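Undergrad: Output the structure for:
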Amino acid sequence: MKSVSSLSLAMVMSLAACNAGSAPSEAASPAIEAHVQAVDPAIGKSTDRTVDLPALQVKTLDGVDYTLAAHRGKWVVVNFWATWCAPCLKEMPDLSALDKDNEHIEVIGLAYEEIEADELKAFLAERPVVYPIAILDVYNPPADFATPRGLPLTYLIAPDGKVAKQFLGPVTGKEIEAAIAAAGGPHAKA
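TA: Numbers count the residues shown, from 1 in each chain. Coordinates of the predicted model:
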């Protein structure tokens, strides 16, 4: 059963990644809330709920405990990605520069795939980024974020901890800076 689920997930994610090469689009959820689809095990059907202040607690590849709440006061970019996702790989250098060049912005990369830590570390040695990376369990993703239906999937979290914007598909640092400015944050440096 698990191999069928893995295959199904891989096929859906591959197809979604192929469609994600176009311009980024906002997800259908409201700008200030994260849309979460959860499965009720009692009935086996999905249920929708919204989370105003999403929580995230993961261990990064370097062994550090990362909690979203500890980064309040800054804009946080939560980026779901995978090593096999071409649009994800294309946006990584831009997200790294965004993190490096802006004291008020932090990025966390969430590897949404079945991969061993050593394999991901080797991958990142060839494609380094300055922001922390954590591997997610695809069978138990963070409850307060929607299960990715395509990659990359990026959330912009405001300094108050609320979701300011959600991007499905590749996103640039300039688009994130524009979203921050539109939400009342600092404008991008000229």
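Undergrad: how far is the strand or helix carrying residue 119 from where the chain is centred?
TA: Per DSSP states H and E, residue 119 falls inside helix 117-126. Between the centre of helix 117-126 and the centre of its chain there are 19 Å (CA atoms, centre = their mean, to the nearest Å).
Undergrad: Just the buried residues of that helix, please?
TA: 120, 124 (16 or more other CB atoms under 10 Å). All C-beta atoms are positioned from the backbone trio N, CA, C, and that covers glycine.
Undergrad: Keeping just the C-alphas, turn that helix into CSV.
TA: These are the backbone C-alpha positions of helix 117-126, laid out as CSV (Å, rounded to 0.1, in the frame of the first residue of the first chain):
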residue,chain,number,x,y,z
ALA,A,117,19.7,13.3,5.0
ASP,A,118,23.1,12.4,3.6
GLU,A,119,21.8,12.3,0.1
LEU,A,120,20.2,15.8,0.6
LYS,A,121,23.4,17.1,2.1
ALA,A,122,25.4,15.9,-0.9
PHE,A,123,22.8,17.6,-3.2
LEU,A,124,23.1,20.9,-1.3
ALA,A,125,26.9,20.7,-1.4
GLU,A,126,26.6,21.2,-5.2
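Undergrad: now residue 55: how far from residue 63?
TA: 20 Å (CB to CB, to the nearest Å).
Undergrad: can you check residue 181 too?
TA: As for residue 181, its distance to residue 63 is 35 Å (criterion: CB to CB).
Undergrad: Name the residue in those two with the higher neighbour count.
TA: More crowded of residue 181 and residue 63, by other CB atoms under 10 Å: residue 181, with 12 against 7.
Undergrad: ok, for that one, nearest residue in space, not its chain neighbours?
TA: Once flanking residues are discounted, residue 181 sits nearest to residue 187: 4.5 Å by CB to CB, 6 or more residues apart in numbering.
Undergrad: And for residue 179?
TA: Excluding the flanking residues, the one nearest residue 179 by CB to CB, 6+ apart is residue 165, at 4.6 Å.
Undergrad: so where do the strands sit in this structure?
TA: Under the criterion DSSP state E, the chain contains strands at 25-26, 34-40, 45-51, 57-59, 65-67, 75-81, 105-111, 133-135, 153-157, 163-168.
Undergrad: residues in contact with residue 76?
TA: By CB atoms under 8 Å, 6 or more residues apart in numbering, the residues touching residue 76 are 68, 105-108, 156-157.
Undergrad: my read: residue 127 touches residue 89, true?
TA: Yes. Contact status for residue 127 versus residue 89: in contact at 6.8 Å, counting by CB atoms under 8 Å.
Undergrad: Now do the contacts for the residue nearest the centre of the chain.
TA: Central residue of the chain (CA atoms, centre = their mean): residue 79, 2.4 Å from the mean position. Going by CB under 8 Å, 6+ apart, residue 79 touches 91, 95, 107-110, 152-154.
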